[in-house]
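Enquirer: Test case, fold it:
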Amino acid sequence: MAKHRKKFGVEEVKRWEDALVEVAELKGWDLKTRGHGEAIKLIIREVLVNLKIKHKYVKNQLVGVDDRVEDIMKQLDVDCEGVCFVGIHGMGGVGKTTLVKVVFNQVYSYFDDCCFLGDV
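Expert: Predicted coordinates:
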């Protein structure tokens, strides 16, 4: 830590030490009754909630979604001031929710507040 104090300063290293002490005092989760996959999902969900990240999970390797996402992104004005509202409708099972999740993941960081309403 002495090396870090020289590089980053006493106050910054003190903040790190305090954070490490706080983390060390936290009680853990009982994961004996859960599988590794379920435990990992639980940890990721908790981290995302604490970081207030709104990212929506979308499966990898989507086919044919890029062109549709690009079309929607062209129609959105993410630099506008005010309320933005997008409605997408169509038959069930054609990928509307998946498409919207991909678009949401690309635009939510542009806004102070945003909301994803699925299955409305």
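
Enquirer: can you give me the helices in this structure?
Expert: For the chain, applying DSSP state H gives helices covering 2-8, 10-24, 36-51, 66-75, 96-107.

Enquirer: lowest average confidence, helix or strand, in this structure?
Expert: Every helix and strand in the chain was compared by mean pLDDT, DSSP states H and E; the lowest is helix 36-51, with a mean of 74.

Enquirer: which stretch in the helices of the chain is the model least sure about?
Expert: Looking at those, the lowest mean pLDDT belongs to helix 36-51 (a mean of 74).

Enquirer: Domains in this structure, by residue range?
Expert: For the chain, automatic domain parsing gives the domain ranges 2-51, 66-110.

Enquirer: Out of those, which is the most enclosed?
Expert: domain 66-110 (a mean of 12; mean count of other CB atoms under 10 Å). In this view, the C-beta of every residue, glycine as well, is placed from N, C-alpha and C.

Enquirer: Can you check the distance spanned by that domain, start to finish?
Expert: End-to-end distance of domain 66-110 (CA to CA, to the nearest Å): 20 Å.

Enquirer: now swap in stretch 21-39 and tell me
Expert: Stretch 21-39 has an end-to-end distance of 24 Å (CA to CA).

Enquirer: quick one: contacts of that stretch?
Expert: Applying CB atoms under 8 Å, 6 or more residues apart in numbering, the external contacts of stretch 21-39 come out as L42, I43.
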